[in-house]
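In: This is the structure alone, sequence omitted:
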Ligand code: ADP
């Protein structure tokens, strides 16, 4: 990029310099044409003037016989007249020896009359070849001018020369206003016309010895110090235009040099064109090129950045798409996995429900089996319970027959009333048994703890009485209701009471304690006895089925296992422990049915 920039700047610089130079050259050529035309026309303007003088008869007479009185005066006046009419500087007549015989400025202080001017080349030139032209500084007046000379002939003989001196100051003045530096240089290289007055009578390049001698001889620039202009030519092979640097007024200025010949063969018209416009053009072009390059660079950078951004966004979009596809694929995979898992779960749930159903049925069977076991255990007591009234019934009915035979109807009536009461009591017992033995499905609801305790104690009434058991009940003031199934809760209580009675057989103190407490939406029912307590090795697995210490036939080891299962079904717990003061303690904890009681 650096190389490219440098090359572009170099090319721009070269091209701008070429174009600038070319423009200057064209303008310079045009100006040179104008300057040359004005110079030529100014020179041509007075060419005729000496010829007119040669035609004057008095002039020829004066040259032929210079001593003729009055002739000088007449020619002088004539010359002055023509000179003023033609607006030339001086008009005068010279004889073949170079002496001035008459002059338009005869009456002025710097009169030419009587002066010998044979050193001036225009005298000899005219005598030899009819005309002469010369530029120089006047040796008498000290004023520069252009001299036209023409031979004055009498027949074929050249007898003198007529000379017209013309000032070229107007040309210089016209040029000075143009702004360029225009110079006219003679064959020796002396600048004798210059749009810059201070450059006049300097030499354009060094003065040769021969030329210096010639100037000396012709007194061409009398009084002027011919020093060379302080100019340095430049190597200008690149643009093809010659250039010079001139030290002027303390600063170095650079000019392009354009040269043109003039109608005067030995002169050269030189135009020095200030090269500042070229430098300006080069500088502007460089600035412009630099700006364009900077713009292109920025554009390139912007496009690059943009392409980069587009590429990145495309890549990001593709990555997103890929991630999305991947996600969708994974979701599909997971979904199918989930569907499969779900089906699997549904199957498992169905199986589990079936298994639970089977288990529930098994549990119900087990509960029933437990009940039957209790009933079995209770059967001895029950038999006794029923046998007693049966024996009483027989006796009463036998008595009734005897009393009837004796016609003691009142006594018969009493007997029958007793019989009726006994049957009622038996009916109650069998009713209780029937109710206990009923195979009922689980029905959760509020259950009165007081009622459940009463029913359970009633079932064991005979045994309690037989065993002379003291019952202490510590119940809440109000009846407490728990979540459960009345029939099954009674079964649990019967189990616990029966076990307590079994344990207290033969014990010194036989006390059955029942405590009911309600606390924080839980109700605990504690059953205590004064038996020997539970064997410690038995405690950890006490609630497992078929754990028993009772002799064969007396216990199956199902009571506590079934009880624990029932309590669990109610959402409660059964805990067995030994009391520190002796005896076992079973605690049933159940959810209290507060709302129901409140209602
Ligand atoms: P079973 O009464 O048929 O043996 P249980 O499950 O009702 O079955 O009782 C298991 C065992 O727990 C009993 O054999 C007994 O050793 C012990 N047990 C139960 N209740 C008590 C108690 N109140 N005091 C001491 N041991 C008890």
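Out: Now that the structure is in, tell me what you want to look at. Not measured: the values here are computed from a predicted model.

In: Kindly report the residues of the stretch 451-599 of the chain close to the ligand.
Out: 495, 499-500, 503, 529, 531, 533-534, 542, 547-550, 555-560, 584 (Cβ under 6 Å from any ligand atom). Glycine gets a C-beta too; all of them are placed from N, C-alpha and C.

In: Could you name the specific helix or strand carrying residue 345?
Out: helix 276-405 (DSSP states H and E).

In: State the next helix or strand along the chain beyond the helix or strand hosting residue 125.
Out: Assigned by DSSP H and E, residue 125 belongs to helix 121-129. Going down the chain from helix 121-129, the next helix or strand is strand 131-137, by DSSP H and E.

In: Now do that following strand against helix 121-129, angle only.
Out: Angle of strand 131-137 versus helix 121-129, following axes from the mean of the first three to the mean of the last three Cα atoms, to 10 degrees, is 170 degrees.

In: Numbering from 36 from now on, please.
Out: Got it, the first residue is 36 from now on, which makes the last one we talked about strand 166-172.

In: Can you pull out the residues in contact with strand 166-172?
Out: 155-161, 178-186, 196, 203, 221, 227, 253-259, 299 (Cβ atoms under 8 Å, 6 or more residues apart in numbering).

In: Mind listing what's buried along the helix holding residue 160?
Out: When burial is assessed from 16 or more other Cβ atoms under 10 Å, helix 156-164 yields the following buried residues: 156-162.

In: How about stretch 454-469?
Out: Residues of stretch 454-469 classed as buried by neighbour count (16+ other Cβ under 10 Å): 454, 457, 461, 464, 467-468.

In: mind listing which of these are in helices?
Out: In helices, judged by DSSP state H, the following of these are found: 454, 457, 461, 464, 467-468.

In: Tell me the one of those residues nearest the ligand?
Out: residue 468 (18.9 Å; Cβ to the nearest ligand atom).

In: and the nearest residue to the closest one once chain neighbours are set aside, what does it touch?
Out: Distances taken as Cβ to Cβ, 6 or more residues apart in numbering put residue 417 closest to residue 468, at 6.7 Å, once the chain neighbours are dropped. Going by Cβ under 8 Å, 6+ apart, residue 417 touches 410, 464, 468, 497.

In: Kindly indicate which of the residues you listed lies nearest residue 59.
Out: Ranked by distance to residue 59 (Cβ to Cβ), the contacts of residue 417 are led by residue 410 at 141.4 Å.

In: leaving aside the residues next to it on the chain, what's closest to that closest one?
Out: Leaving aside its chain neighbours, residue 410 sits nearest to residue 472 (5.9 Å; criterion: Cβ to Cβ, 6+ apart).

In: try residue 606
Out: residue 626 (5.6 Å).

In: Next one: the one you found, what pLDDT does it get?
Out: As predicted, residue 626 sits at a pLDDT of 94.

In: and residue 548, what are its phi and psi?
Out: phi -100, psi 130 (degrees, to the nearest 10).

In: That one: how many residues sit nearby?
Out: 18 (other Cβ atoms under 10 Å).

In: What distance do you get for it to residue 614?
Out: 9 Å (Cβ to Cβ, to the nearest Å).

In: Quickly list what's touching both of those two.
Out: In contact with both residue 548 and residue 614: residue 563, using Cβ under 8 Å, 6+ apart.

In: contacting residues around the residue of the stretch 336-485 of the chain found nearest the ligand?
Out: Closest residue of the stretch 336-485 of the chain to the ligand, Cβ to the nearest ligand atom: residue 408 (6.5 Å). Neighbour list for residue 408: 590-591, 593-594 [criterion: Cβ under 8 Å, 6+ apart].

In: Most neighbours among those, which one?
Out: Top of these by neighbour count (other Cβ under 10 Å): residue 594, with 26 neighbours.
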